[in-house]
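J.: Just to be clear, the model below is a prediction. Sequence and coordinates:
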Amino acid sequence: MKTVFLSNYINHHQIPFSDALYEALGEEYHFIQTEPMEESRRQMGWELDARRIPYVVLSYEEEERARALIEEADLVLAGWTKRTDLFLDRMAEGKLTLRISERIYREGQWKAVSPRGLAAKYREHVRFRNKPVYLLCAGAYVASDFSLIGAYPGKMLRFGYFPPLRRYDTETLFAQKRSFGGGVLQMVWAGRLIALKHPEFVVRLAGELKAMGCAFHIHFIGSGPLEEELSEQIRREGLEERFTRYGFLEPAQVRDVMENCQIHLFTSNYLEGWGAVVNEAMNSGCCVVANAQTGAAPFLIRDTENGLLYKDGSYEAFAACVKRLLEKPEQIERMGRNAYRTIAEEWNAQKAARECLRFYENWREGKTELPESGPFSRVQVLPARWRYREGKLES
């Protein structure tokens, strides 16, 4: 089964899924990288030598070979890339193709009325609605965007990003969490310090929890334009002893910190396409408090079962969720254990690769069997009509 995954560049969120396909298919699997990784990502610790990965082909160095692999493939998974010319002819010919996409109208679905935009979406998506072309939705609100333009009717499936899976002896992991920090509740936030990720929510929360007399410590991972402002706020409010600030860490180092923490705080707004730190924190046994407007959260988190979702993206809703956990701390470990099981059993690269291969075999035999949940299950079209106007969130 000749399979090609095509995207702008390979990164540590895609490698586990590619490794699983390569293990299953051997030399019949290739990842085609269409451009070098940008400098900003390399500075965040994403840098890797794609040439050292045996299944990677760089189309900007071997275009003829890349085109031949795409043309001859039984299955192509086409992610985000400017080089749609590499696979659109294949789709027009009726060859099985799985498009992978985050949201196309995350800044507001009103953009769907743009005539120029609709023409572009027709050329790239809508005209293939009756071809064997499916959409793998990398986010819970992707289907809502594509349903607006009539693309992929009945052919939208759950997908996402799959960071490396760590397997633990759960009793050892949770004993480590309970003992770390001398019994003080440990929370972690990780990401770029930029407006859409709302790191200021965490500093504001810390001030309120301190005033309430709560025993807690926050591990604050990341750097960015808001770093100086947040550092000054932490100093001004006397919160230095409540924070450990790391700057940017390598992905594996972020996971090491998460293993010592009970709660992960995920405060990104609706502009966050996926949010792979949610996968990583759940895999680390953290109870995640997450904004339900982000891509990963509704796919991965079942509210009050394996984490908490706050619905309107506001600080008030976020803080209320965290304070509710502090009032019932026994819920934290219960949800953390369930979070670990969700990733270890369902939302991981190995499971996604198996479902991908099973999808192809079923399609080839004319079957429409899909899993009930997890990767490659049928996606529910969730409403996603919020947008900011004059600094205020509207729905």
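T.: Cool, the structure landed.
J.: Please enumerate the helices of the stretch 1-150 of the chain.
T.: All helices of the stretch 1-150 of the chain, identified by DSSP state H, counting those that start in this stretch, fall at 15-25, 39-41, 63-72, 88-92, 115-124, 142-148.
J.: For the fifth one, list every residue counted as buried.
T.: Along helix 115-124, these residues count as buried under the neighbour rule (16 or more other Cβ atoms under 10 Å): 121, 124. For every residue, glycine as well, the C-beta is placed using N, CA and C.
J.: average pLDDT across it?
T.: Average pLDDT, helix 115-124: 91.
J.: and what of stretch 21-32?
T.: Mean predicted lDDT for stretch 21-32 stands at 98.
J.: Residues contacting that stretch, please?
T.: Contact with stretch 21-32 is made by 1-7, 10, 14, 18, 53-59, 66, 69-70, 86, 353-354, 356-357, as judged by Cβ atoms under 8 Å, 6 or more residues apart in numbering.
J.: Any buried residues in it, and which?
T.: Burial within stretch 21-32, assessed by neighbour count using 16+ other Cβ under 10 Å, is assigned to 21-22, 24-25, 28-32.
J.: just the residues you listed now: which is nearest residue 380?
T.: Nearest to residue 380 out of these is residue 21 (Cβ to Cβ; 26.5 Å).
J.: Now the buried members of the contacts of stretch 21-32.
T.: For the contacts of stretch 21-32, a burial check counting by 16+ other Cβ under 10 Å picks out 3-7, 10, 14, 18, 53, 55-59, 66, 69-70, 86, 353-354, 356-357.
J.: Do you have the helices of the stretch 201-350 of the chain handy? List them.
T.: Assigned by DSSP H, counting those that start in this stretch, the helices in the stretch 201-350 of the chain fall at 227-236, 251-258, 276-283, 297-300, 315-327, 330-345, 349-364.
J.: Please identify the most buried of those.
T.: Mean neighbour count (mean count of other Cβ atoms under 10 Å) peaks for helix 276-283 among the helices of the stretch 201-350 of the chain, with a mean of 26.
J.: Using the record's assignment, carve this protein into domains.
T.: Per the record, the chain has its domains at 3-162+348-394, 170-345, by automatic domain parsing.
J.: and stretch 264-281, how far out from the chain's middle?
T.: Centroid separation for stretch 264-281 versus its chain: 7 Å, with Cα atoms, centre = their mean, to the nearest Å.
J.: Could you do stretch 354-366 as well?
T.: Distance of stretch 354-366 from the chain centroid (Cα atoms, centre = their mean) equals 24 Å.
J.: who touches that stretch?
T.: Contacts with stretch 354-366, where a contact means Cβ under 8 Å, 6+ apart, come from 1, 3, 20-21, 24, 74-75, 77, 96, 98, 132, 157, 368-371, 374-376.
J.: How about stretch 265-275?
T.: 102-103, 106-107, 138-139, 141, 160-161, 187-189, 191, 196-199, 201-202, 205, 218, 277-278, 281, 288-291, 293-297, 313, 318, 322, 384, 386.
J.: can you check stretch 131-138 too?
T.: Residues external to stretch 131-138 that are found in contact with it (Cβ under 8 Å, 6+ apart): 77, 91-92, 94-102, 125, 142-143, 146, 151-152, 155-161, 273-274, 295, 363, 376, 379.
J.: ok, now stretch 64-82?
T.: Residues contacting stretch 64-82 (Cβ under 8 Å, 6+ apart): 1-8, 14, 30, 32, 34-35, 57-59, 84, 86-87, 90, 95-102, 136, 356, 360.
J.: Just give me how far that stretch sits from the chain centre.
T.: Stretch 64-82 sits 23 Å away from the centroid of its parent chain (Cα atoms, centre = their mean).
J.: Please export the C-alpha coordinates of that stretch as CSV.
T.: Listed next in CSV are the C-alpha coordinates belonging to stretch 64-82 (Å, rounded to 0.1, in the frame of the first residue of the first chain):
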residue,chain,number,x,y,z
GLU,A,64,10.3,15.0,-10.0
ARG,A,65,10.6,12.2,-7.4
ALA,A,66,8.0,13.8,-5.2
ARG,A,67,5.5,14.1,-8.1
ALA,A,68,6.0,10.5,-9.0
LEU,A,69,5.4,9.3,-5.5
ILE,A,70,2.2,11.3,-5.3
GLU,A,71,1.0,10.1,-8.7
GLU,A,72,1.7,6.4,-7.9
ALA,A,73,0.3,6.4,-4.3
ASP,A,74,-2.7,4.4,-3.3
LEU,A,75,-3.4,6.9,-0.6
VAL,A,76,-2.3,10.6,-0.1
LEU,A,77,-2.8,12.5,3.0
ALA,A,78,-2.5,16.2,2.1
GLY,A,79,-1.9,18.7,4.9
TRP,A,80,-1.3,22.4,4.8
THR,A,81,1.1,23.5,2.0
LYS,A,82,1.3,26.2,-0.6
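J.: Perfect, that will be all.
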